[in-house]
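>>> no letters, just coordinates:
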């Protein structure tokens, strides 16, 4: 009798576990080798998805063509998975998105543009209608990877790993050693407020950040 009860309980628990992870809806994309979804976040009673593509793709009947190289893809989906808005942006160079952050239904997107002579770190913001609100471009020389983008009430926080130099206004944040973790704090006017770099001969990455407004940062 005990074995039967245990067996029945195992079946019920398995059914509950499967039901718990049953998707509410599914969104299917055509199989494009040139389409890459990078990350997503909750946004305006739905979700925002960030990715990149090359050449030409068609999503939900909307055809997008890259302006040359890799372009950025941004989509807004409602809670049922219906695509409400979709835009792309970029130039004749490769524009690669890396991270996205939502604050008060304003999307902040961070990535980089590769040129023949110089790389640029870009930060763009969009409202709920995907109208561009602001743009910030920071030239850099070397290698950079952004893992974190946070927006406080009076500051912009950027973190990741880098090797080389990045120019912020008229100031440089420089690392000539191995790839090290970095953290940059910018004012609303995009002036450099503070920066931090790891030291030593090893390789360092910055993966997470915990901070509240007007408090210390835990990296």
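Thanks, I have the structure now. These numbers were taken from a predicted model, which means no experiment stands behind them. Numbering: from 1, shown residues only.
>>> and the helices in the chain?
Assigned by DSSP state H, the chain shows helices spanning 2-20.
>>> all strands for it, in order.
35-42, 46-59, 62-78, 83-89, 94-103, 106-114, 119-126, 132-151, 156-168, 171-186, 192-197 (DSSP state E).
>>> ok, the fifth one: who's next to it in the sheet?
Going back to what we said before, that points to strand 94-103. strand 106-114 (antiparallel) (DSSP bridges).
>>> just the angle between the partner strand and strand 62-78, please?
140 degrees (axes from the mean of the first three to the mean of the last three Cα atoms, to 10 degrees).
>>> same question for strand 106-114, mean pLDDT?
The average pLDDT within strand 106-114 is 94.
>>> what sits up against it?
41, 43, 48, 50, 69, 72, 74, 90-91, 93-102, 119-127, 133, 137, 140, 144, 146, 149, 151, 156, 158 (Cβ atoms under 8 Å, 6 or more residues apart in numbering). The C-beta positions use only the backbone N, C-alpha and C, and glycine is treated the same way.
>>> okay, the angle between that strand and strand 83-89?
30 degrees.
>>> residues in contact with the residue nearest in space to the middle of the chain?
Nearest residue to the geometric centre of the chain (Cα atoms, centre = their mean): residue 99, 1.4 Å. Shown in contact with residue 99 (Cβ under 8 Å, 6+ apart): 39, 109, 110, 111, 146, 147, 148, 149.
>>> can you tell me the closest non-neighbouring residue to residue 158?
Excluding the flanking residues, the one nearest residue 158 by Cβ to Cβ, 6 or more residues apart in numbering is residue 184, at 4.5 Å.
>>> cool, residue 79 as well?
Of all residues not flanking residue 79 in the chain, residue 46 sits nearest, at 5.5 Å (Cβ to Cβ, 6+ apart).
>>> pLDDT wise, what is that neighbour at?
In this model, residue 46 is scored at 94, pLDDT.
>>> just to revisit the earlier point, from the contacts of residue 99, list the buried ones, please.
109, 110, 111, 146, 147, 148, 149 (16 or more other Cβ atoms under 10 Å).
>>> okay, now residue 51: neighbour count?
By other Cβ atoms under 10 Å, 19 other residues sit near residue 51.
>>> one step back: possible to save the strands of the chain as a markdown table with distance to residue 218?
Shown next, in a markdown table, are the strands of the chain (distance: least, Cβ to Cβ, whole Å):
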| stretch | distance to residue 218 |
| --- | --- |
| strand 35-42 | 21 |
| strand 46-59 | 25 |
| strand 62-78 | 30 |
| strand 83-89 | 33 |
| strand 94-103 | 17 |
| strand 106-114 | 20 |
| strand 119-126 | 23 |
| strand 132-151 | 12 |
| strand 156-168 | 12 |
| strand 171-186 | 11 |
| strand 192-197 | 12 |
